[in-house]
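Q: coords please:
(chains A and B)
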Amino acid sequence: MSAIPEKIEFTVGPALTLHDKIDRFKSNFMLGLCIAFAASVLFLLLLVVSFLVYQGATSLSWDFFTKPPSGDPHAPGGMLHAIVGTCTLISMASVIGIPVGMLAGVYLSEYDVESKLAGPVRFVSDVLAGVPSIVVGILGYELLVRPIGNYNAWAGALALAFIMIPIVARTTEEMLRLVPQSYREASIALGANKAKTILQVVIPSATGSIVTGIMLAIARIAGETAPLIFTTLGSRLIPFYADPKSGFELSHWRDLNQPFPSLTKQVYDYATGPYHEQKNVAMAGILTLIVLIFLVNISIRLVARRK
Amino acid sequence: MSESLPTTQPGPEQTGPAMSFDFKARSTGISGDTVLAFVTRASALSVVLMIAALLIVLTTAAIPAVRTFGLKFLTGTEWRSNTLEQPRRDANNKLMFDADGEQIVDTIEPVFGALPVIWGTACTSVIALAFAIPLSFGTALFLIRVAPAVLVGPVSFMVEFLAAIPSIAYGIWGLFVFGPFMQKYLEPWLNGLFGSVPGLGFMHFNGATTGRDMLCGGLLLGIMIIPIITAISRDVLTGVPRAQVEGTTALGATWWQSSKEMLKFSRSGLFGAVMLGLARAAGETMAITMVIGNNNQISPSPFAPAQSMASLLANEFAEASGDLQRSALIEVALILLLMSLVFNVVARKLVVGKDSRSAAAH
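A: From the prediction side, this is the model:
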């Protein structure tokens, strides 16, 4: 019997040249660089979010949500006015934004072939989504502030709706396209006309996704400041609020014709002001916004995963 | 059936309808079909009307400024909204007096030149892109080629969360954390570096660096546009055919060599991603207003306070004195709008197919 060698050596191919060694080194270096870059991006995110969360959490209090701003800059009170203001502006913007956006999305996905309108509409809605929001604010100023004569909530709502409509249209269209063709065919086979098919079969089967698209749009406009700077200007008074005894009264709808508060504008005013107590309240406001947006993003992910 | 799996949307050629059946209303009079068709078409038309309204309103409002300044608006370096009163001096620099013995005073009208803000926007955008592109491409490559499957979801969620943070939050972080950090640690060192290196002397800033300057603004913008460029690059790089990548590996390429081939293959899509990031950077207002220094001057140093078009609008529009200043500001807004439209259109043409819709979604 011949001795079996302890260790069998293999040689595979030619030996590595210097060129190969340089290439390998370069490749490992770039690989490490990519990992480092990804890690730094996450690190930056951590930096930003942790600062905002920490500062906001230390200034958050129940007063923040329930009290109006006091006159004293060293004890600024709460942001009830700003929260009411932002909710009102979002509702007003959604009243125009959601229907128009959804119907445009329905058009783009269901009524494509008969007209030459769909191509330009899709193109325009994509391009419109990239317009700087401050330019939209100027449009709101020119259209609704100058004729009325003073800053008001209508112009702010218009600017926000302007931003909202392309987003809602696009996401609605994409979600409706995901509905299987067989649903529509089954509905037609059962004798429904196009309108009934769309309204009672296609849209309801995509409701969850459309709602998440709308929530995304709402989260986006909730965080917008630039369009509100010179359409609503911001104020320190709670809208629709008469006094502590009578509370909120819709008869004060004329407050809509006056400068209107909003969370983002108020945060901007406080943060760029000279008083650091105000700055703390601003951080609490930012935290509220971030938590809201985080919740929307998480729920979108959960809904998407369930589908 | 031709369709077996739901797709996100048809590919570039087949922009067919989701429903291809021809419906005719069966009852007389106005049926639900006609109403819905009309209403949806009206909504779609209104989207087109929106952009038309934007362009028309801004152009009409900017006409007075265009008529007053013409092309000098784009090349003028002075932005002054008040009327200057200057006593007139003669050739020997002595004050001149008229027949009654009173000083002759020249009133110099307000002049608006947009070059400082164009410079500010351009510089901050370039700095932002220089900072963001390596980081974004690296992250995209990491997500596609390096990350284990379990990491891809959380990491991309976090990158998208970075995109969802409102810009005013970034502005506040820049104002209270990033600006002071740059002012205390990074900028004095960099400024000294520029001062000592022979060729870079023009970038040296004579004075104490404040942390409210183009460098700070540019870097903050860079952080903000990283998620956009990452997301679109990822979509674009995912579209590279596996055969391409596997072919390079079969030829003996290292990891970086095949990644380079991936990047080269999708370079038009990546360029589109960069354009979209540029569009966002140019139009970003709230974050940059807080860290750019708000000084309408042109300076070659990145440590000089400056003004970008968006921050000019944010600062001056609400307090514009007089029609001419407002008109000049609207002309700046028009320039900003046209710039962002051009970037968006170019980007959309470059990032083709499925990616173009999701690209614009960012």
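Q: ok, how many other residues are close to B:Gly192?
A: 11 (other Cβ atoms under 10 Å in any protein chain shown). (Glycine included, C-beta is placed from N, CA and C.)
Q: what helix or strand is it located in?
A: Here B:Gly192 sits within helix B:187-196, counting by DSSP states H and E.
Q: would you mark the buried spots in that helix?
A: B:187, B:190-191, B:194 (16 or more other Cβ atoms under 10 Å in any protein chain shown).
Q: tell me the one of these nearest B:Ser311?
A: B:Glu187 (19.6 Å; Cβ to Cβ).
Q: residues in contact with the residue nearest to the closest one when sequence neighbours are not counted?
A: The shortest distance from B:Glu187 to any non-neighbouring residue, by Cβ to Cβ, 6 or more residues apart in numbering or on different chains, is to B:Thr209 (3.9 Å). B:Thr209 is in contact with B:182-183, B:187-188, B:191, B:303, counting by Cβ atoms under 8 Å, 6 or more residues apart in numbering or on different chains.
Q: pipe the residues you listed into CSV and attach pLDDT per row.
A: Formatted as CSV, the contacts of B:Thr209 follow (pLDDT from 0 to 100):
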residue, pLDDT
B:Met182, 89
B:Gln183, 88
B:Glu187, 84
B:Pro188, 84
B:Asn191, 83
B:Phe303, 88
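Q: and chain A, is stretch B:125-132 touching that?
A: No. Residues of stretch B:125-132 are not located near chain A by Cβ under 8 Å from any Cβ of the partner chain, the shortest gap being 9.5 Å.
Q: quick one: pLDDT of the residue nearest to B:Glu187?
A: If you check B:Thr209, the pLDDT there is 81.
Q: that one belongs to a helix?
A: No. With DSSP: H, G, I helix; E, B strand; the rest coil as the criterion, B:Thr209 is located in coil rather than a helix.
Q: could you pull up phi and psi at it?
A: The phi/psi pair for B:Thr209 (degrees, to the nearest 10) reads phi -80, psi 140.
Q: what's in contact with the helix holding B:Gly192?
A: B:200-201, B:203-205, B:209, B:211, B:213, B:215, B:301, B:303.
Q: what's the closest of those residues to chain A?
A: Nearest to chain A among those: B:Gly211, at 15.1 Å, using Cβ to the nearest Cβ.
Q: which bits of the stretch 151-300 of chain B sit near chain A?
A: B:155, B:157-162, B:164-173, B:175-177, B:223, B:226, B:230, B:254-257, B:259, B:276, B:279-280, B:282-286, B:290.
Q: now, which of those residues lie within strands?
A: With strands taken from DSSP state E, there is no overlap with those.
Q: restricted to helices, list those.
A: B:155, B:157-162, B:164, B:167-173, B:223, B:226, B:230, B:255-257, B:259, B:276, B:279-280, B:282-283, B:286, B:290 (DSSP state H).
Q: what subset of the residues you listed is buried?
A: For those, buried by 16+ other Cβ under 10 Å: B:155, B:159-162, B:164, B:167-173, B:223, B:226, B:230, B:255-257, B:259, B:276, B:279-280, B:282-283, B:286, B:290.
Q: which ones are touching B:Ala147?
A: Counted by Cβ under 8 Å, 6+ apart, B:Ala147 has contacts A:38, B:155.
Q: just give me the neighbour total for A:Tyr183.
A: 16.
Q: how about the helices of chain A, start to end?
A: Going by DSSP H, chain A shows helices at A:18-59, A:62-66, A:80-110, A:118-128, A:133-140, A:146-148, A:153-177, A:181-189, A:194-197, A:203-205, A:207-222, A:226-229, A:263-271, A:276-306.
Q: would you format the ones you listed as a markdown table with mean pLDDT and distance to chain B included?
A: Output for the helices of chain A, formatted as a markdown table (pLDDT from 0 to 100; distance: least, Cβ to the nearest Cβ, whole Å):
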| stretch | mean pLDDT | distance to chain B |
| --- | --- | --- |
| helix A:18-59 | 91 | 3 |
| helix A:62-66 | 81 | 16 |
| helix A:80-110 | 91 | 4 |
| helix A:118-128 | 84 | 4 |
| helix A:133-140 | 93 | 5 |
| helix A:146-148 | 88 | 9 |
| helix A:153-177 | 92 | 5 |
| helix A:181-189 | 91 | 5 |
| helix A:194-197 | 86 | 4 |
| helix A:203-205 | 87 | 11 |
| helix A:207-222 | 88 | 7 |
| helix A:226-229 | 91 | 4 |
| helix A:263-271 | 91 | 5 |
| helix A:276-306 | 84 | 5 |
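Q: which one of those is the most hemmed in?
A: Comparing the helices of chain A by mean neighbour count (mean count of other Cβ atoms under 10 Å in any protein chain shown), helix A:226-229 comes out on top with a mean of 32.
Q: show residues contacting that helix.
A: Contacts of helix A:226-229 (Cβ under 8 Å, 6+ apart): A:89, A:132-134, A:136-137, A:140, A:156, A:159-160, A:162-163, A:234, A:262, A:264-265, A:268, B:167, B:285-286, B:310, B:314, B:317-318.
Q: residues touching the residue of the stretch 151-300 of chain A at minimum distance from chain B, list them.
A: Here the stretch 151-300 of chain A gets closest to chain B at one residue, A:Gly223, 2.9 Å apart by Cβ to the nearest Cβ. Contacts for A:Gly223 (Cβ under 8 Å, 6+ apart) come out as A:264, A:289, A:293, B:164-169.
Q: what is the nearest of those residues to A:Phe64?
A: For the contacts of A:Gly223, the nearest to A:Phe64 is A:Leu289 (12.5 Å; Cβ to Cβ).
Q: ok, now which ones touch that closest one?
A: A:Leu289 touches A:222-223, A:263-264, A:267, B:166, B:169, counting by Cβ under 8 Å, 6+ apart.
Q: ok, now B:Asp323?
A: B:Asp323 touches B:Pro64, counting by Cβ under 8 Å, 6+ apart.
Q: please, which helix or strand holds it?
A: Going by DSSP H and E, B:Asp323 is part of helix B:322-350.
Q: report the inter-axis angle for that helix versus helix A:133-140.
A: Relative orientation of helix B:322-350 and helix A:133-140, computed by axes from the mean of the first three to the mean of the last three Cα atoms, to 10 degrees: 130 degrees.
Q: and helix B:322-350, what's buried?
A: Under 16+ other Cβ under 10 Å, the buried positions of helix B:322-350 are B:324-337, B:339-341, B:343-348, B:350.
Q: got it, and stretch B:270-281?
A: For stretch B:270-281, by 16+ other Cβ under 10 Å, it's B:270, B:272-281.
Q: closest one of those residues to chain A?
A: Of the buried residues of stretch B:270-281, the one sitting nearest to chain A (Cβ to the nearest Cβ) turns out to be B:Ala279, at 5.3 Å.
Q: I'd like the contacts of A:Leu289 written out as a markdown table, with distance to B:Phe69 added.
A: Converted to a markdown table, the contacts of A:Leu289 look like this (distance: Cβ to Cβ, whole Å):
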| residue | distance to B:Phe69 |
| --- | --- |
| A:Ala222 | 38 |
| A:Gly223 | 36 |
| A:Leu263 | 38 |
| A:Thr264 | 34 |
| A:Val267 | 36 |
| B:Pro166 | 35 |
| B:Ala169 | 37 |
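Q: among those residues, which one sits closest to A:Tyr241?
A: A:Leu263 (16.1 Å).
Q: got a list of what that closest one touches?
A: Neighbours of A:Leu263 in contact, by Cβ under 8 Å, 6+ apart: A:79, A:82-83, A:85-86, A:222, A:285, A:288-289.
Q: make a markdown table from these and add distance to A:Thr212 to it.
A: Shown next, in a markdown table, are these (distance: Cβ to Cβ, whole Å):
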| residue | distance to A:Thr212 |
| --- | --- |
| A:Met79 | 27 |
| A:Ala82 | 26 |
| A:Ile83 | 23 |
| A:Gly85 | 25 |
| A:Thr86 | 20 |
| A:Ala222 | 15 |
| A:Gly285 | 25 |
| A:Thr288 | 21 |
| A:Leu289 | 19 |
